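J.: Need a 3D model of the sequence below.
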Amino acid sequence: MADLTEREREVLSRMAKGYNNAAIAEELVVEERTVENHTNSIYANLTRSPGYHRRVQAVLAFVTQSSATTIAR
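T.: The predicted structure follows:
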């Protein structure tokens, strides 16, 4: 997670809420292609297991990190 930009974390947060790329683009007021670029960067940084759904892996990493951060506080 530390390798993600602030914008990538914003995109990932919305992915975790179930938003599709079009909804993320609309909410962040960017082009859908921009969201696709961010998601590809997120996948490159957070997904390691081939054969699994990259979006699910990324969201699970986000949820795990978020839970650990909440517990640490």
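J.: Other residues contacting the host helix or strand of Thr34?
T.: Using DSSP states H and E, Thr34 sits in helix 32-46. Around helix 32-46, the neighbours that count as contacts under C-beta atoms under 8 Å, 6 or more residues apart in numbering are 1, 3-5, 7-8, 11-12, 15, 21-22, 24-25, 28, 54-55, 57-58, 61-62. All C-beta atoms are positioned from the backbone trio N, CA, C, and that covers glycine.
J.: list the buried ones in that helix?
T.: 34-35, 38-39, 41-42, 45-46 (16 or more other C-beta atoms under 10 Å).
J.: where exactly do the helices run in this protein?
T.: For the chain, the helices defined by DSSP state H cover 6-16, 21-28, 32-46, 54-72.
J.: Make TSV from those helices and add mean pLDDT to it.
T.: What follows is these, written out as TSV (pLDDT from 0 to 100):
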stretch	mean pLDDT
helix 6-16	96
helix 21-28	98
helix 32-46	95
helix 54-72	80
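J.: dump the residue contacts of the residue nearest in space to the middle of the chain.
T.: In the chain, the C-alpha nearest the mean C-alpha coordinate belongs to Leu12, at 2.2 Å (C-alpha atoms, centre = their mean). Residues near Leu12 by C-beta under 8 Å, 6+ apart: 4, 42, 58-59, 62.
J.: Pick out the most distant pair among the buried residues of helix 32-46.
T.: Comparing every pair within the buried residues of helix 32-46 by C-beta to C-beta identifies Thr34 and Leu46 as the most remote, at 18.5 Å.
J.: re earlier: look up how far Asn40 lies from the residue nearest to the centre of the chain.
T.: Remark: distance between Leu12 and Asn40 (C-beta to C-beta, to the nearest Å) = 12 Å.
J.: I am finished for the moment; much appreciated.
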